[in-house]
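Q: just to be clear, the model below is a prediction. Sequence and coordinates:
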Amino acid sequence: MQLRNLTIPGGAAFAPMAGLSDAACRRLMADHGAAWTVSEMASAKAITFGDRKSLALLRDPDPHGLYAVQLFGNEPELLGQAIGILREKGVRFDLLDLNMGCPAPKITGGGAGSKLMLDPPLCGAMVRAARAALGEEVPLTVKMRIGWDDDHLTGPEVARQCEAGGADLLVVHGRTREQMYVPPVHWDQVAAVKQAVGIPVFANGDITSPERAVEAVRETGCDGVMIGRGALGDPWLFERVNAALAGQTPPLLPTLPQRMAALRRQIYEMCEEKGEWAAMPQARSQAMHYMKGLRGAAALRRACAMLSRFEDVDTLIDAVYRCNA
């Protein structure tokens with residue numbers, strides 16, 4: 001797939017997730033076949049106000065594969081200014097993504113995220129402002145939902161506005177904002193978005209296996225999928241999904257030593273970048289994902305919750321081997 005000046009490898013991208021998709025996590029996903037990865041989202045307004053923490057969320061000193069930065073907001077002029085600041089400050093990115101799907105009250109309460117699904121013309125204005133600031137070479141993507149609630153399934157109209165404004169690809173989470181993350185995922189509504197536009201569309205929502213990815217593409221007609229929580233603790237999922245989407249036999253599941261090596265690498269890189277004091281509380285939740293399907297998983301997850309220093313990771317790994325000998 002070609003998006004302006006970029007050739008996109010594979011059909012499965014890694015979704016942004018607040019507090020979870022940090023640089024160490026993104027690199028693992030990229031190394032195992034994610035078509036591109038996306039930063040945690042940052043406020044366009046905060047960037048224009050000179051907020052260093054927002055800029056820090058978007059910086060990756062060593063991105064692996066194609067890397068997108070994600071901005072949110074509801075003021076087109078400030079969005080354009082923020083993109084200009086990213087370039088002035090030397091923030092490196094291959095794609096820029098606009099968030100129109102976050103359901104968190106602190107985001108929608110300010111009129112951003114999935115609240116934009118109630119105002120398709122504003123969505124189009126946001127995309128036009130971003131495109132003007134980016135120029136013609138950098139691909140622009142939009143992460144959206146199928147609508148605000150069952151009475152406002154605005155996905156197709158938002159999609160048309162985004163396409164007209166200069167978006168190159170849409171990622172559609174198959175739920176309304178009212179649903180938050182509660183099942184089901186409405187693939188028929190994602191299909192309606194795909195049918196409304198001529199640009200590529202990726203399906204998103206509860207894709208946790210190659211079978212689910214193939215089902216999502218088959219039922220929506222989409223060009224690929226975006227995977228979020230399903231890949232946490234299992235970056236090899238991208239290799240399996242890419243193979244399944246290409247009609248090939250998926251590779252074997254990772255061995256236990258491979259899983260533990262990935263866990264250790266991820267937390268080590270987190271500590272290197274953030275410092276042990278800041279990284280280890282975040283590492284607890286990341287480690288829990290690697291315990292899925294193991295014998296003694298409940299006790300091992302409790303051990304994950306006690307991680308406080310990097311040396312504790314090796315103690316945890318020893319416990320995993322003892323439980324699964």
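A: The structure has been received and is ready for your questions.
Q: for Asp314, grab phi and psi.
A: Torsion angles at Asp314 (phi, psi; degrees, to the nearest 10) stand at phi -70, psi -40.
Q: mind checking pLDDT for it?
A: At Asp314, the pLDDT value in this model is 97.
Q: what's the spacing between it and Asp22?
A: 21 Å (C-beta to C-beta, to the nearest Å). C-beta here means a position set from N, CA and C on the backbone, and glycine is covered the same way.
Q: again with Met41
A: Met41 sits 13 Å away from Asp22, going by C-beta to C-beta.
Q: residue boundaries of the helices in this protein?
A: Assigned by DSSP state H, the helices in the chain fall at 23-31, 44-48, 52-58, 76-88, 105-108, 120-134, 155-165, 187-196, 210-220, 237-245, 256-274, 276-289, 297-304, 311-323.
Q: of all those helices, which one is nearest Thr37?
A: Comparing the helices of the chain by their distance to Thr37 (C-beta to C-beta), the top pick is helix 23-31, with 3.9 Å.
Q: and the closest one, which residues are buried?
A: Using 16 or more other C-beta atoms under 10 Å as the test for burial, helix 23-31 gives Ala23, Ala24, Cys25, Arg26, Arg27, Leu28, Met29, Ala30.
Q: would you mind putting the residues you listed into TSV with distance to Lys194 and pLDDT alongside?
A: TSV is the format used below for the buried residues of helix 23-31 (distance: C-beta to C-beta, whole Å; pLDDT from 0 to 100):
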residue	distance to Lys194	pLDDT
Ala23	31	93
Ala24	33	94
Cys25	28	95
Arg26	26	96
Arg27	30	96
Leu28	29	96
Met29	24	97
Ala30	26	97
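Q: buried set for stretch 213-229?
A: Ala213, Val214, Ala216, Val217, Thr220, Cys222, Asp223, Gly224, Val225, Met226, Ile227, Gly228.
Q: sorry, that was for stretch 311-325
A: Asp312, Val313, Leu316, Ile317, Val320.
Q: okay, these in a markdown table with distance to Gly165 next?
A: Below are the buried residues of stretch 311-325 laid out as a markdown table (distance: C-beta to C-beta, whole Å):
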| residue | distance to Gly165 |
| --- | --- |
| Asp312 | 49 |
| Val313 | 46 |
| Leu316 | 48 |
| Ile317 | 49 |
| Val320 | 49 |
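Q: now flag whichever of these is closest to Leu256.
A: The closest of these, once distances to Leu256 are taken by C-beta to C-beta, is Val320, at 7.3 Å.
Q: list the contacts for that closest one?
A: Shown in contact with Val320 (C-beta atoms under 8 Å, 6 or more residues apart in numbering): Leu256, Met260, Met291, Leu294, Leu300.
Q: check contacts around the second one.
A: When you say that, I think you mean Met260. Contacts of Met260 by C-beta under 8 Å, 6+ apart are Tyr290, Ile317, Val320, Tyr321.
Q: for Tyr290, see how far away the spatially closest residue to the second one that is not a sequence neighbour is.
A: With sequence-adjacent residues excluded and distances taken as C-beta to C-beta, 6 or more residues apart in numbering, Ile317 is closest to Met260, at 4.8 Å. From Met260 across to Tyr290, the span is 7 Å (C-beta to C-beta).
Q: also Ala262?
A: According to C-beta to C-beta, Ala262 and Tyr290 sit 7 Å apart.
Q: which residue sits closest to Glu163, ignoring its sequence neighbours?
A: Closest to Glu163 by C-beta to C-beta, 6+ apart is Val197, at 4.6 Å.
Q: quick one: neighbours of the one you found, just the number.
A: Around Val197 there are 18 other residues, counting by other C-beta atoms under 10 Å.
Q: list the residues that contact it.
A: With C-beta under 8 Å, 6+ apart, Val197 has these contacts: Ala159, Arg160, Cys162, Glu163, Leu170.
Q: let's go with 7 Å and repeat that
A: Neighbour list for Val197: Ala159, Arg160, Glu163, Leu170 [criterion: C-beta atoms under 7 Å, 6 or more residues apart in numbering].
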